[in-house]
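Novice: Sequence first, predicted model second:
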Amino acid sequence: MTANVGTIDRIFRAALGIGLLWFAFFSGLPLADSPVWKYGTAILGVVMLIVAVVRVCPVYSIFGLRTCA
């Protein structure tokens with residue numbers, strides 16, 4: 001597959017993924033104690049990190065979007 005995620009998009013996704021994983025496991029907030037929120041945000045964080053690493057976003061592919069030059 002061809003890359004469809006640009007550099008700024010990758011940085012944003014990586015930061016968001018790390019932030020979501022922190023929220024899920026280290027924040028200590030009452031909302032993060034619920035299994036639905038904890039594992040939901042953890043899965044979303046991992047997906048964001050994977051997309052940042054492989055530079056291919058399936059949603060962008062569906063809609064024909066590209067943020068790379």
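Specialist: Looks like it arrived, so ask away.
Novice: From here on, just use CA atoms for contacts and neighbour counts.
Specialist: OK.
Novice: Distance check, the closest residue to V53 other than its chain neighbours against G28.
Specialist: Closest residue in space to V53, ignoring its immediate chain neighbours: R10 at 7.6 Å, by Cα to Cα, 6 or more residues apart in numbering. R10 sits 27 Å away from G28, going by Cα to Cα, to the nearest Å.
Novice: The two: which is more packed in?
Specialist: R10 (22 against 11; other Cα atoms under 10 Å).
Novice: Which parts of the chain are helices?
Specialist: Using DSSP state H, the helices found in the chain span residues 7-26, 35-54, 58-63.
Novice: Output the contacting helices and strands for the second one.
Specialist: For helix 35-54, the packing partners by 3 or more Cα pairs under 8 Å, 6 or more residues apart in numbering; DSSP states H and E come out as helix 7-26.
Novice: quick one: the helix it packs on to helix 35-54, angle?
Specialist: Inter-element angle recorded for helix 7-26 and helix 35-54: 150 degrees (by axes from the mean of the first three to the mean of the last three Cα atoms, to 10 degrees).
Novice: how far does helix 7-26 sit from the chain's center?
Specialist: 6 Å (Cα atoms, centre = their mean, to the nearest Å).
Novice: for stretch 54-63, same thing?
Specialist: Distance of stretch 54-63 from the chain centroid (Cα atoms, centre = their mean) equals 12 Å.
Novice: List the buried residues in it.
Specialist: Across stretch 54-63, burial judged by 16 or more other Cα atoms under 10 Å covers R55, V56, C57.
Novice: show me the contacts for the residue lying closest to N4 once chain neighbours are set aside.
Specialist: Computed as Cα to Cα, 6+ apart, the closest residue to N4 that is not its neighbour in sequence is R66, at 4.5 Å. Contacts of R66 were listed using Cα atoms under 8 Å, 6 or more residues apart in numbering, and they are N4, V5, G6, Y60.
Novice: Phi, psi for R66 please.
Specialist: Note on R66: backbone dihedrals following degrees, to the nearest 10 are phi -150, psi 130.
Novice: just checking, S61 touches A3?
Specialist: No: applying Cα atoms under 8 Å as the test, S61 and A3 come out as separate, 9.5 Å apart.
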